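# sequence and predicted structure below; questions after.
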Amino acid sequence: MNYYSTRSKNNFVSFKTAVMEGLAKDGGLFMPESIASLPHSMMQEIEKYSFQEIGYEVSKNFIGGEIPNQKLLTIIESAIDFPAPLVELSDQLSVLELFHGPTLAFKDFGARFMAKTMEYFAGDLEKELNILVATSGDTGSAVAYGFYGVEGINVFILYPKGKVSLIQEKQLTTLDKNITAIEVNGTFDDCQRLVKDAFVDDELKAKLNLSSANSINIARLIPQTFYFINAYRQIKDKTKPVVISVPSGNLGNITAGLFAKKMGILITKFIGATNRNDVFTEFINTNKINPRSSVHTLSNAMDVGNPSNLERIVDLYSEDAANVRKDISSSSWSDELTKEGIREVFEKYNYIIDPHGAVGYQALKQFLSSYDAGSVNGIVVETAHPAKFKSTVDETIGRDIEIPERLASCLTKKKNTVLLGNDFKALKDYLVNA
Ligand SMILES: *Cc1c(COP(=O)(O)O)cnc(C)c1O
């Protein structure tokens with residue numbers, strides 16, 4: 001399958017290059033040359049397919065023979081080995097739970113699939129691949145767990161000392177083998193700058209085979225498409241319109257949903273639900289793109305001031321704003337209303353939703369207010385397990401919620417990091433000698 005850059009549509013690269021390079025040389029994002037519909041026979045009998053079988057059929061559309069089918073199946077079976085259930089709360093509200101992976105957020109799907117795909121392609125390399133990632137929390141842990149134990153690839157995760165939560169730090173720093181956590185005496189911006197400096201340092205590039213694993217890699221979006229189609233499979237009454245509300249930051253998740261729609265599943269509307277960081281909401285409502293600094297909120301994985309995948313969405317609709325608005329609506333919610341959402345879902349449905357999901361819930365509820373009760377399949381995408389945001393959730397509903405075993409177990413393990421200053425020389429010396 002050929003991929004082009006959102007910034008130069010005439011230069012094509014292979015799927016392998018798109019995955020291994022992450023970002024196009026001109027700074028654009030890679031897009032598949034075409035997105036084929038799934039076979040009509042498959043759509044007719046979608047209930048008979050398993051989650052993994054859906055993943056296999058969908059990924060063939062994105063990969064186009066660059067990974068042999070049998071190998072692709074193995075990658076999917078090992079990367080996607082946990083479910084994404086659609087939990088019904090009422091006749092018009094269901095929650096798509098995407099937190100059953102090792103780090104309890106949807107990013108596990110993307111990180112694990114990307115890791116296995118890179119492992120496959122790294123087999124052709126003569127030298128080991130070294131991946132550098134800067135993280136402010138969630139992405140780093142998903143990447144660390146995704147690449148843990150993967151052959152031929154070392155991962156160095158840079159995070160700002162003292163600026164991630166205890167749970168996040170434990171997830172980042174308690175793995176061994178090929179994962180190294182680098183604690184930087186500085187801010188997240190320092191970490192990002194260090195990674196960027198490393199990629200343009202010729203000496204370092206000559207010595208080490210460097211790559212990145214950031215959120216714009218196309219390999220992260222592909223498995224996210226699987227669970228939208230798998231959600232459709234689980235809908236009981238497919239005669240009613242489907243509206244899916246996606247709590248959004250960098251817009252990777254909603255872009256994957258739009259890919260799923262292009263492949264032929266019938267979704268009437270996507271809602272891009274935002275917190276006070278509302279660049280996307282403004283874009284949908286006014287067609288203006290006005291990036292700005294992010295502000296801190298309770299749904300902090302959505303604190304994004306310049307959503308990177310917006311470029312993909314605009315490209316997908318050939319820059320036709322009216323068509324974008326036909327498929328997508330958007331609304332933005334304050335921390336106060338986020339908490340109200342958590343409280344309301346608990347009181348009405350006895351379901352504990354996390355702050356990101358609560359933003360999605362508010363946006364869906366507002367959207368459905370103009371429809372007759374029960375006439376629509378409303379779906380909220382629950383992007384993280386509430387225990388990841390335990391203090392907010394506990395305080396809001398007045399409970400002491402349970403921490404799942406896979407999260408609790410890393411809390412008792414010993415932290416292991418390399419402590420570095422925020423200057424590039426320190427990082428370079430360390431990497432050269434590592
Ligand atoms: C990353 C993340 C989001 C935002 O997803 P995008 O794909 O960046 O829009 C939402 N919720 C949680 C819990 C996340 O970790």
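That came through, no problem. Just so it is clear, the model here is predicted, and its values are computed rather than measured. Numbers count the residues shown, from 1 in each chain.

# how close does residue 195 get to residue 368?
Summarising the geometry, the distance separating residue 195 from residue 368, computed by C-beta to C-beta, to the nearest Å, is 42 Å. Glycine gets a C-beta too; all of them are placed from N, C-alpha and C.

# what do you get for residue 338?
From residue 338 over to residue 368 (counting by C-beta to C-beta), the distance is 18 Å.

# now swap in residue 250 and tell me
Here residue 250 is placed at a distance of 26 Å from residue 368 (C-beta to C-beta).

# close to the ligand: what parts of the stretch 201-350 of the chain are there?
With the criterion set to C-beta under 6 Å from any ligand atom, the stretch 201-350 of the chain comes near the ligand through 247-253, 301-302.

# convert stretch 6-14 to CSV, retaining C-alpha atoms only.
What follows is the C-alpha trace of stretch 6-14 in CSV, where atoms were taken according to Å, rounded to 0.1, in the frame of the first residue of the first chain:
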residue,chain,number,x,y,z
THR,A,6,-0.6,15.4,3.9
ARG,A,7,1.8,18.1,2.7
SER,A,8,2.9,16.6,-0.7
LYS,A,9,0.5,14.3,-2.3
ASN,A,10,2.6,13.2,-5.2
ASN,A,11,5.5,11.5,-3.2
PHE,A,12,4.6,8.0,-2.2
VAL,A,13,6.3,5.7,0.3
SER,A,14,5.6,2.1,1.3
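
# next one: that stretch to chain centre, how far?
With C-alpha atoms, centre = their mean, to the nearest Å as the basis, stretch 6-14 stands 23 Å off its chain's centre.

# also stretch 214-233?
The chain centroid and the centroid of stretch 214-233 are separated by 8 Å under C-alpha atoms, centre = their mean.

# neighbours around residue 343, how many?
For residue 343, the tally of surrounding residues (other C-beta atoms under 10 Å) stands at 15.

# hang on, it in a strand?
No. Remark: residue 343 does not belong to a strand; assigned using DSSP: H, G, I helix; E, B strand; the rest coil, it is helix.

# tell me how many other residues surround the nearest residue to residue 14 once chain neighbours are set aside.
Beyond its immediate neighbours in the sequence, the residue positioned closest to residue 14 (C-beta to C-beta, 6 or more residues apart in numbering) is residue 66, lying 6.2 Å away. Summarising burial for residue 66: neighbours were counted as other C-beta under 10 Å, giving 17.

# just checking, residue 66 touches residue 13?
No. Here residue 66 lies out of contact with residue 13, judged by C-beta atoms under 8 Å, at a distance of 11.2 Å.

# now list whatever residues contact both of these two.
Between them, residue 66 and residue 13 have no joint contacts when contacts are counted by C-beta atoms under 8 Å, 6 or more residues apart in numbering.

# on the three-state scheme, the closest residue to residue 232 other than its chain neighbours is what?
Closest residue in space to residue 232, ignoring its immediate chain neighbours: residue 265 at 4.5 Å, by C-beta to C-beta, 6+ apart. In terms of secondary structure, residue 265 is coil; the call rests on three-state DSSP.

# relative to residue 242, how far out is residue 265?
Here residue 265 is placed at a distance of 8 Å from residue 242 (C-beta to C-beta).

# pull up the overlap in contacts between these two.
Taking C-beta under 8 Å, 6+ apart as the contact rule, residue 265 and residue 242 both touch residue 232.

# for the residue most central in space within the chain, phi and psi?
Centroid check for the chain by C-alpha atoms, centre = their mean gives residue 107 as the closest residue, at 4.2 Å. Per-residue torsions, residue 107: phi -60, psi -20 (degrees, to the nearest 10).

# stretch 370-388 close to the ligand?
Yes. For stretch 370-388, a contact with the ligand is found by C-beta under 6 Å from any ligand atom, at 383-384.

# in the protein, which spans are strands?
For the chain, the strands identified by DSSP state E occupy 2-5, 8-14, 30-32, 86-90, 93-97, 129-134, 153-160, 179-184, 209-212, 242-247, 269-274, 328-332, 377-382, 418-420, in order along the chain.

# so if I had to pick from residue 338 and residue 368, which one is more boxed in?
Set residue 338 next to residue 368 and count neighbours by other C-beta under 10 Å: residue 338 wins out with 27 against 19.
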